[in-house]
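> predicted coordinates and the sequence they were generated for:
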Amino acid sequence: MSVTGPPGPVLDRDEVDRALARLDAEHEAIETSLLALQDHAGRRLLEGAALTGVTEERWADAEGRITLLWAYFDAYAAALRTAHELRERRRWPSREDLVELTELLRGESVTVSGGSTSGTSPSVTGPAKLTERFTLEQLVSRMNDLYAHSLDMVVAADAVWSALPARIDLLAAELSRTRQLAHSVGVRPGEHPSGDDLERITRALTALREQVVSDPLAFWQRAQGSSAPGGGRPGTERYDREARALEEVRREIDAVLTVRQDAEARLGRLRDVLSRADRTLAEARSARGEVLAKIAASEVPAVSGPPTALQEQLATAADYRRNAQWHRLSPLLESLEQKADDELLRARESLTAVTAPLAVRAELRGRLDAYKAKVARLGHAEDPLLIERYDAARRMLWSAPCDLRVAEQAVLRYQQAAADALAPRVPQQGGPTDRREES
């Protein structure tokens, strides 16, 4: 592209000096940024890493951008030096000098080879031109754009490498300690689900670390609405998922450790509960024989035998403890404790059901004696009717077998007679009436 004259009005001396000062400041800022990018830890890591996936693709593009950025900067610096040399020829530049300086400072005076036609977001993979011409301001804008894209990629990769591998290593160390602890309590792959989980977590963390190292940008989550270089954060979803899984395994192992510490006490309690259940059932069987002998016309439920299956499981639990098979003992103890409590409750309910007729007889006996004492206290102990009905009820309640239904009716008759005897008598018209004759 040829230029036939200066772009716009010719700058005067002061305008030229101000433009050179501004361009010098931009040159210094760009150079500082480029050197910082060159020395950035993330860029050095990217340069030496065996990359894969999206990071490999973007770094190949970023390397081309950085190479082009330095080419632009060299061209910019050369044009600026030319302008300074022209300005320093004379203290008071001539008209021709000012026209040439105006062309250098404002016109398309910079020619760069190997550029691109990709507009405001240059890419080395786009169709390239042999040469491109820029004004110094256009070149600064293009360098800023290239720098922002390159820095964004470098900062993102460095942020992931700074955060995730260290966290994965810490989790891997915790995983190693947990594996050792699991092995000590018998939690091993193929023998316990938590042992299988530990193997899976180990494989997952190994694969995760390898991918983080080779493809960090696969774990980068850009912040919504952010255009600043490095705007975002490392994505930790996979790491967090494995950390939660390890925590669940650790809780399971802690439960097994608790079983190891409390196993003897829990086994002792189980033996005691089952022994009490056996004694209660034995008492119920004995009581049932007594009820059948002493109570007539009463339905007495059968009493089951001792829970042999629970005794066998208790023996298995004791064997697990002797052989330090804590991972098997833990679920068995929990199941046995619930079953033993249920068995004791069932035995007590059986005893209560079997002895119910004896309890009814005892209640009738108590009621009969209580009324007799009340009658005697109120001066009716010698009442012939009360004596007769008391003796009848007592014979029924203290004889074997006792018919509870008949005995209860006899007690009720005695109660009624006692109530009549204790009730105040009201004389009726026509003379006194003998209460015993009425009865």
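Looks like it came in fine. Residues are numbered from 1 along each chain as shown.
> C-alpha from now on. contacts and neighbour counts both.
Noted.
> need the three-state assignment for W92.
coil (DSSP: H, G, I helix; E, B strand; the rest coil).
> okay, now it: neighbour count?
Neighbour count of W92, defined by other C-alpha atoms under 10 Å: 11.
> over to A265?
Neighbours around A265, by other C-alpha under 10 Å: 11.
> okay, and it sits in which element?
Using DSSP states H and E, A265 maps to helix 237-294.
> beyond that helix, next helix or strand please.
Past helix 237-294, the next helix or strand by DSSP H and E is strand 295-296.
> and for that following strand, what's in contact with it?
357-358, 400-404 (C-alpha atoms under 8 Å, 6 or more residues apart in numbering).
> quick one on the thing from earlier: model confidence over the helix holding A265, on average?
Helix 237-294 carries an average pLDDT of 87.
> now swap in stretch 105-119 and tell me
pLDDT averaged over stretch 105-119 gives 65.
> can you check stretch 410-418 too?
85.
> check the offset of the helix or strand harbouring Y76 from the chain's centre.
Element membership of Y76, judged by DSSP H and E, is helix 53-87. Averaging C-alpha positions (C-alpha atoms, centre = their mean, to the nearest Å) puts helix 53-87 50 Å from its chain's average.
> which elements pack onto it?
In this structure, helix 53-87 makes packing contacts with helix 13-39, helix 95-106, strand 110-113, helix 136-184, judged by 3 or more C-alpha pairs under 8 Å, 6 or more residues apart in numbering; DSSP states H and E.
> and the helix holding A265, what does it pack against?
Helix 237-294 packs on helix 136-184, helix 193-214, helix 308-322, helix 326-354, going by 3+ C-alpha pairs under 8 Å, 6+ apart.
> make CSV out of those and add distance to A277, mean pLDDT and mean neighbour count.
Compiled in CSV, those are given as follows (distance: least, C-alpha to C-alpha, whole Å; pLDDT from 0 to 100; neighbours: other C-alpha atoms under 10 Å):
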stretch, distance to A277, mean pLDDT, mean neighbour count
helix 136-184, 36, 90, 18
helix 193-214, 34, 93, 17
helix 308-322, 11, 86, 15
helix 326-354, 4, 86, 18
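> for those helices, give me TSV that also has distance to V112.
Putting the helices and strands packed on helix 237-294 into TSV (distance: least, C-alpha to C-alpha, whole Å) gives the following:
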stretch	distance to V112
helix 136-184	10
helix 193-214	34
helix 308-322	81
helix 326-354	73
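> of these, which is nearest L385?
L385 lies closest to helix 326-354 among the helices and strands packed on helix 237-294, at 35.9 Å (C-alpha to C-alpha).
> next SSE downstream of the closest one?
By DSSP H and E, the next helix or strand past helix 326-354 is helix 356-377.
> can I assume V300 sits in a helix?
No - in this structure, V300 is coil, not part of a helix, as judged by three-state DSSP.
> excluding its backbone neighbours, what's nearest it?
V354 (5.8 Å; C-alpha to C-alpha, 6 or more residues apart in numbering).
> just to revisit the earlier point, export the helices and strands packed on helix 53-87 to JSON lines and tack on distance to L314?
Supplementary listing: these in JSON lines, determined by distance: least, C-alpha to C-alpha, whole Å:
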{"stretch": "helix 13-39", "distance to L314": "70"}
{"stretch": "helix 95-106", "distance to L314": "96"}
{"stretch": "strand 110-113", "distance to L314": "87"}
{"stretch": "helix 136-184", "distance to L314": "23"}
